[in-house]
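In: Build me a model:
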Amino acid sequence: MSGGERSGLGGPAWVPYVGVAGASRPEPELLELAEVLGRRLAEAGAVVVCGGGSGVMTAVCKGVATVGGTSVGLLPGDRRAGGNPYLSVALPTGLGEGRNVLLVRASDALVAVGGGFGTLSEIALALRVGVPVVGLRTWSLELAGHPVDAFPVAGDPDEAARLVMEAAAARMTP
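Out: Here you go, the predicted model:
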């Protein structure tokens, strides 16, 4: 199980770790969607894992912070100061783009919000290793000119949060 466990009076409870991948310089509409997504994921009890930088990552962490949730940033550089101001935990990796592998492997499921080639690499890595992906205004895939339905595409942040939480839970069910 890759998600965390929290002990309480009722015993251990599964805590999903949901990765969010997205562009560092997206259009304003995506920033609004990412912030709402962050709120919905935190309200659903997820720990949000992201690259910790600007753009979609800042917006999703801001959403998480507004409802008292937890976000973890896997930073590309070797200094915590490189993280956005809304992160709960900033982890410098010194790995540059290599941190994409850590993001995927640390996640029970992944939401791709918009994004460029870095986001596309995270989608591909997740699909390759069996981490469920949900798309929100992101890449679509074709192979030999035919569409490939590799992951569900959500119409809005509420649907994305619901789909990714369901995917994370299904992955953890034996």
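
In: What are the phi and psi values at E35?
Out: For E35, the backbone dihedrals (degrees, to the nearest 10) come out as phi -70, psi -40.

In: got a pLDDT number for it?
Out: Listed pLDDT for E35 reads 98.

In: What separation is there between the nearest residue to it once chain neighbours are set aside and L33?
Out: Nearest residue to E35 in three dimensions, chain neighbours excluded: G63, at 4.1 Å (Cβ to Cβ, 6 or more residues apart in numbering). Using the backbone N, CA and C atoms, a C-beta is placed for each residue, glycine as well. Separation of G63 from L33 (Cβ to Cβ, to the nearest Å) stands at 10 Å.

In: So between those two, which is more surrounded?
Out: The neighbour comparison of G63 against L33 (other Cβ atoms under 10 Å) goes to G63, with 27 against 24.

In: part of a helix, is R25?
Out: No. Assigned with DSSP: H, G, I helix; E, B strand; the rest coil, R25 falls outside any helix and is coil.

In: and it, how many neighbours?
Out: 10.

In: Do you know the pLDDT at it?
Out: For R25, pLDDT reads 93.

In: tell me the contacts of it?
Out: Neighbouring residues of R25 by Cβ atoms under 8 Å, 6 or more residues apart in numbering: S54, G55.
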